[in-house]
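Participant: A structural model of the following input is requested.
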Amino acid sequence: MIRNFFILFCFLLAASTNAKNINLKMPTLGGMCFWTDVKINKGGRIQQNVLTGHYRLLDQNDYRLAWGDYSDCLDSFVEISKLNLKPKVLLIHGLTIKKNSLEPLRQDLEKEGYDVHFFRFSCFYQPIESTAKSLKGVLEHMGSDVRCVTHSTGAILLRQYEKDFQSKGISKAVMLTAPNKGVVLVDWLRKAKLDFILGVNGKRLHSGKGSLPTILPDLSVDHITISGNNGRKKHYFPLLGFSRAHDGLLRTETGKSASALENIEVEGHHFFIMNHRQVKEKICQFFRD
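Facilitator: Next comes the predicted model:
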C-alpha cells in the first residue's frame, strides 16, 4: 500500500509541468469570495488569495492549473497565453459574489470584434485601494487601449484607480447603475449600525462625509453612465420609501457623473440592466465611435 502510494506520488510529481508545486487540475468556483485577479489573458488568469497571499492559475473554465508563489504561476501563464491583437474590453462586477454578472454583454461585444475579459475581485474582504493595485497589474498586461464596463460598485473601483493611477491603460468606460453619490440603503444600515454586513467596501458607500463616493475623483477618460429608472414603482427595498426615481436599489440621480459625456436613463432594474437590448446597443455604439 505504501509502495503504491509512493509510486503515485512520484508520477504526479513528474507529470506536474504547470508549476513547481504538485497540482491536480481541479475545478474551482473562480474566486467567489477570497480571490482577486492580478493578471488576465485569453488563456487564463492568475489570482491572489486575499487571506493567505498565495497565488493560483486558472484556465478559461476556472480549472486550477498551478498554485504557489507568483513566479510558479507566471511561467505557466505565459505558456498558455496566446498573442491576441483584438481590442480589449474589461468587464468589472460590483458588490456581489457573482463574478460574471456582466456576462449578458459578452456576446454582443465579441460580435463587435472585441476580446472580452472579466476582472474578478474580493469585494467583501479586500479594501478597494488594494484591489486598484491588482487592477493596475491586469491593465498593464492588456495594453494601452482597454475599454471598461462597470456595474454598480465596480464604478467606485474605477474611480479609485483614477485617483491612484490616473486611469492608465483605459481609453473609454461605461458605468452601469453606479453609486456615484452614495447609497440610501447604506445610509439606513449605517444608522442602524448594521452596515458591517456589506463588507469592507460596501459600508463605505454611504453619502456622508468621508465616504468613497464623496472623496474619489471623477474619471478623466471619456465615459458615459447608464442608470435605471423605474419611476416610483417596483421598490426593491420598500421600507426605504423612495420618493424619487430609482432603479429598485439606487436612486437614478446617484448614477450620474458630472464629467460624463452623457448620462443616460433607461427603464430597468439595478440587477438586470445589463440584459437590456438598449443598454447593449448603447455600449457598443459608444465604444465604436
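
Participant: Name the surrounding residues that touch stretch 266-274.
Facilitator: The contact list for stretch 266-274 (CB atoms under 8 Å, 6 or more residues apart in numbering) reads 101-102, 104-105, 151-152, 176-177, 226-230, 234, 236, 247-250, 276, 278-280. All C-beta spots, glycine's among them, are computed from the backbone N, C-alpha and C.

Participant: Now, those that are in strands?
Facilitator: His151, Leu176, Ile226, Ser227, Gly228 (DSSP state E).

Participant: picking up where we left off before, which of the contacts of stretch 266-274 count as buried?
Facilitator: Neighbour-count burial (16 or more other CB atoms under 10 Å) is assigned, among the contacts of stretch 266-274, to 101-102, 105, 151-152, 176-177, 226-230, 236, 247-250, 276, 279-280.

Participant: Domain parsing of this structure, as residue ranges.
Facilitator: 19-84, 86-288 (automatic domain parsing).

Participant: Ala258 contacts Asp218, doesn't it?
Facilitator: Yes: using CB atoms under 8 Å, Ala258 is in contact with Asp218, at 6.1 Å.

Participant: quick one, which of these two is more surrounded?
Facilitator: Between Ala258 and Asp218, Asp218 has the larger neighbour count (other CB atoms under 10 Å), namely 12 against 7.

Participant: what sits against the more buried one?
Facilitator: Per CB under 8 Å, 6+ apart, neighbours of Asp218: Arg159, Glu162, Ser257, Ala258, Ser259, Ala260.

Participant: Confirm it sits in a helix?
Facilitator: No: in this structure, Asp218 is coil, not part of a helix, as judged by DSSP: H, G, I helix; E, B strand; the rest coil.

Participant: give me phi/psi at it?
Facilitator: phi -70, psi 160 (degrees, to the nearest 10).

Participant: My reading is that Glu110 is in a helix; is that accurate?
Facilitator: Yes: Glu110 forms part of a helix when assessed by three-state DSSP.

Participant: Is it in contact with His117, as I believe?
Facilitator: No: look at Glu110 against His117 with CB under 8 Å: they stay out of range, at 11.1 Å.

Participant: more crowded one of the two?
Facilitator: Neighbour comparison, Glu110 and His117: the larger count goes to His117, with 20 against 13 (by other CB under 10 Å).

Participant: Helix or strand: which one has the more buried one?
Facilitator: strand 115-119 (DSSP states H and E).

Participant: returning to what we had before: would you format the domains of the chain as TSV with mean pLDDT included?
Facilitator: Conversion of these to TSV gives the following (pLDDT from 0 to 100):
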stretch	mean pLDDT
domain 19-84	79
domain 86-288	90
